[in-house]
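Undergrad: Sequence plus predicted model, see below.
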Amino acid sequence: MGALTTLISMFVGATGPLVAAWVHRFNAGKFPTVATFAACMSVQHCLKLVVFGSLGFMFLEWVPFVLLMVTAGACGTWLGLKLLDRMPPAWFRPLFRLIVTLLAVRLIWQSMSVG
């Protein structure tokens, strides 16, 4: 599944909802689900770095933006962990499903409105 979504992400870009839909089927707790999802997405993005780097993409030109994205990601992770820690376990699965569904609908909507 990881290889497939990594391949798809080279062309589509946003495979997070697809990966999340797959990860949540393990019926793990809230922290294992989020950690597995984060690990899958991290591996996927690292593989893209390798592929784009080997194709000659000039990452140095984008260092300021990359640093801003990493900083925003770290802040979002910190806030997300605080919220996840306070969230009752019974709320996690329905909220996770709702968020993944909304993201998937948004991606479908965007793909239909391009052009």
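TA: Perfect, I can see it now. This structure is a prediction, so every number in the text was calculated from the model and none was measured.

Undergrad: Quick check: the gap between the residue nearest in space to the middle of the chain and residue 87.
TA: By CA atoms, centre = their mean, the chain has its centre lying nearest to residue 16, at 4.0 Å. In this view, residue 16 and residue 87 are 19 Å apart by CB to CB, to the nearest Å. Glycine gets a C-beta too; all of them are placed from N, C-alpha and C.

Undergrad: Likewise for residue 27?
TA: Residue 27 is 17 Å from residue 87, by CB to CB.

Undergrad: which of those two has more neighbours?
TA: residue 87 (13 against 8; other CB atoms under 10 Å).

Undergrad: Measure how buried residue 11 is and give me the count.
TA: 7.

Undergrad: Do you know the pLDDT at it?
TA: pLDDT for residue 11: 70.

Undergrad: And for the one 10 residues further on?
TA: Among the per-residue scores, residue 21 shows a pLDDT of 82.

Undergrad: again with residue 47
TA: At residue 47, pLDDT is 83.

Undergrad: next one: the one 3 residues further on
TA: pLDDT, the model's per-residue confidence, is 88 for residue 50.

Undergrad: Check which helix or strand it maps to.
TA: helix 30-54 (DSSP states H and E).

Undergrad: Do you have the helices of this protein handy? List them.
TA: Remark: helices assigned in the chain by DSSP state H are 2-11, 16-23, 30-54, 63-86, 89-113.

Undergrad: Tell me which of those helices sits most buried.
TA: When neighbours are counted by mean count of other CB atoms under 10 Å, the highest per-stretch mean among these falls to helix 16-23, a mean of 19.

Undergrad: Where does pLDDT dip in this protein?
TA: Along the chain, segments meeting pLDDT under 70 span 1-2, 6, 9-10, 12-13, 114-115.

Undergrad: Please name the nearest non-neighbouring residue to residue 30.
TA: residue 92 (4.0 Å; CB to CB, 6 or more residues apart in numbering).

Undergrad: wait, isn't the one you found in contact with residue 28?
TA: No: Residue 92 is not in contact with residue 28 according to CB atoms under 8 Å; the separation is 10.2 Å.

Undergrad: Please report how far the residue nearest to residue 96 when sequence neighbours are not counted lies from residue 97.
TA: Nearest residue to residue 96, sequence neighbours excluded (CB to CB, 6+ apart): residue 24, at 5.7 Å. The gap separating residue 24 from residue 97 is 7 Å, by CB to CB.
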